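Chemist: what's the 3D shape of this:
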Amino acid sequence: MPVLQIYSPKQEPPALLLQTLCENIMAILNLPPDHAWAMWNAVPEGHFYRPNWQEAGSAGGPVVIMYCKESYTKQQVELVMRSLQTTLAESLSCTPESVYIAVQRVVPGEVLVRNNIWRGDN
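Modeler: All right, here's what the predicted structure looks like:
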């Protein structure tokens, strides 16, 4: 289950952006509905240092941390990252180069979801 944490100086995401990102992830990874989540984190002015965020109305892209199970292949994760980059750049009117994405993989035994501890085989 991928979970996105998106950080941006913009107070709100464009309409349907979070849903679109999750739907794209679920399609790429062949996941059932509700198996990807996204959270928008508005970072107030003065609470960050990122040069392309400094100016009001700048075209600096977001910082994205994606948590996902370690069982996804590198190719799958790369496809997801490129999809995120493209969708975010288009939706936020920023350059693709300014979108930062980091993936944090979770290991079996360290994820509880839907009342189950993921063991790598469930």
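Chemist: Return the helix or strand in this protein with minimum mean pLDDT.
Modeler: Here the helix or strand of the chain ranked lowest by mean pLDDT, DSSP states H and E is strand 112-113, holding a mean of 86.
Chemist: Other residues contacting that strand?
Modeler: Outside of strand 112-113, the residues that reach it under the criterion C-beta atoms under 8 Å, 6 or more residues apart in numbering are 1, 118. C-beta here means a position set from N, CA and C on the backbone, and glycine is covered the same way.
Chemist: what about the strands in this protein?
Modeler: 3-8, 37-42, 63-69, 100-106, 112-113, 116-117 (DSSP state E).
Chemist: Adding mean neighbour count and distance to F48, write the ones you listed out as JSON lines.
Modeler: What follows is the strands of the chain, written out as JSON lines (neighbours: other C-beta atoms under 10 Å; distance: least, C-beta to C-beta, whole Å):
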{"stretch": "strand 3-8", "mean neighbour count": "20", "distance to F48": "8"}
{"stretch": "strand 37-42", "mean neighbour count": "15", "distance to F48": "11"}
{"stretch": "strand 63-69", "mean neighbour count": "19", "distance to F48": "9"}
{"stretch": "strand 100-106", "mean neighbour count": "14", "distance to F48": "12"}
{"stretch": "strand 112-113", "mean neighbour count": "10", "distance to F48": "30"}
{"stretch": "strand 116-117", "mean neighbour count": "10", "distance to F48": "35"}
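Chemist: Can you tell me which of the ones you listed is nearest to L18?
Modeler: Proximity of these to L18 was assessed by C-beta to C-beta; the nearest stretch is strand 37-42, lying at 4.1 Å.
Chemist: name the helices or strands packed onto that closest one?
Modeler: If contacts are counted by 3 or more C-beta pairs under 8 Å, 6 or more residues apart in numbering; DSSP states H and E, strand 37-42 sits against strand 3-8, helix 17-29.
Chemist: so where is the protein shaky, pLDDT-wise?
Modeler: Where the chain drops to pLDDT under 70, the residues are 55-58, 122.
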